[in-house]
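>>> pasting the structure only:
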DNA sequence: ACCTGAACACCGTTCAAGT
DNA sequence: ACCTGAACACCGTTCAAGT
């Protein structure tokens, strides 16, 4: 099955919406602005997605699917589990490198109270994917037993998310690196 | 100097705005809703604060001032620095206990790109106050030397912020406790 | 199938007008 | 000094109308 040779309209919308949501969140995702970036009118968006909620859910779903795929690629390219764990923060660093953007899931987690249920589900899936991958590698690296894997995996995920948030607040990617470095020295991540 | 016996109008506005911003952020702070909670019309808010930006800046300023005062109280009541560090996550836990709300500064840090400069300044002050207090106690507890205090303090602040965010996303305060527990086991916080 | 202009009830904000 | 209704340009959304 060959891929579509050209990006579909819906894909263009999802791509632009992802970038906007990573910088402004769900509430800050303006449909008139989004439409303008894609080259259509706001009303036309409703031909592709029934509502802003469904659009955001589609964005969040693709976001965790892409993240899951990227983590699998990382695993495939990195045989050593401890190495995988060392490289994990790099996936969060990439967002900051991309115009000081942040994880879409973290931003929307903050917006929890205003999030439609269909979006909440996909946002939680992002955390689940990351935690599962971290847990698997923590066990494989012999850092924790399988009994404690999920708990430790969640701690790493939360800590790295927090580091990204703090670094964004200073527009300082070196602060992100320093925070991750501290996590290593403290023993949360393998040295 | 005696305090005002009754809460002033501006105080009522700041109080209500703080609660709203902790749940919905700067963008989600609706002036008509805020005014209704205080018992006035949206237009009347402009008699107390020149703009939404200035209102939010006043909210954020009081927020970090109150946090600084609370940390000083904690220090005064807790002679042992390591004990202070053990109790630090409790200040973030309190927000979750309060209807699953989160730190106003964390929420607004996510909203960085849409934040007026006057608000950004106060939000950063919140982080500074927490990091300074943590650093002081890390040194006093003999956990790190003064050279590494700020770096480690930032790591704790970022990690605890991330734990609060993740727990809010699940409306699960026990998850927050488990994450903090993991930070202790890993060695980021004193056992 | 896909797009649009115009309309709706909602936002932050202003301002003239009230007490 | 403090409040208000009405208006402004902006939001998400709908819908009748176009190709």
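Yes, it's here. Everything quoted here is computed from the prediction, not taken from an experiment.
>>> quick one: contacts for residue A:42?
With Cβ atoms under 8 Å, 6 or more residues apart in numbering or on different chains as the criterion, the residues that contact residue A:42 are A:31, A:32, A:34, A:35. C-betas here are computed from N, CA, C, even on glycine.
>>> ok, now residue A:85?
A:134, A:137, A:138, A:141, A:143, A:156, A:189, A:190.
>>> I'd say the first one and residue A:153 touch.
Translated: residue A:134. Yes. The pair residue A:134 and residue A:153 qualifies as a contact (Cβ atoms under 8 Å) at a distance of 3.7 Å.
>>> for residue A:39, list the residues it contacts.
Per Cβ under 8 Å, 6+ apart, neighbours of residue A:39: none.
>>> try it again at 10 Å.
A:9, A:12, A:16 (Cβ atoms under 10 Å, 6 or more residues apart in numbering or on different chains).
>>> doesn't residue A:33 make contact with the last one?
Spelled out, that is residue A:16. Yes. Residue A:16 is within contact range of residue A:33, at 9.1 Å (criterion: Cβ atoms under 10 Å).
>>> which one's more surrounded, these two?
Using other Cβ atoms under 10 Å in any protein chain shown as the criterion, residue A:16 and residue A:33 rank with residue A:16 on top: 19 against 14.
>>> any idea which helix or strand carries the more buried one?
Counting by DSSP states H and E, the element that carries residue A:16 is helix A:9-24.
>>> got the buried residues for that helix?
A:12, A:13, A:14, A:16, A:17, A:18, A:19, A:20, A:21, A:22, A:23, A:24 (16 or more other Cβ atoms under 10 Å in any protein chain shown).
>>> excluding chain neighbours, what is closest to the residue of chain A found nearest DNA strand D?
For chain A and DNA strand D, the shortest gap (Cβ to the nearest atom of the strand) falls at residue A:52, measuring 3.0 Å. Closest residue to residue A:52 apart from its sequence neighbours, by Cβ to Cβ, 6 or more residues apart in numbering or on different chains: residue A:31 at 6.3 Å.
>>> and the one you found, how far from residue A:189?
40 Å (Cβ to Cβ, to the nearest Å).
>>> look at those two and report which has more neighbours.
residue A:189 (23 against 17).
>>> the more buried one: what secondary structure?
With DSSP: H, G, I helix; E, B strand; the rest coil as the basis, the three-state label of residue A:189 is coil.
>>> tell me the pLDDT of it.
With respect to pLDDT, residue A:189 has a value of 97.
>>> one more: residue A:37?
95.
>>> quick one: it and residue A:14 touch, right?
No. Between residue A:37 and residue A:14 there is no contact under Cβ under 10 Å: 11.9 Å.
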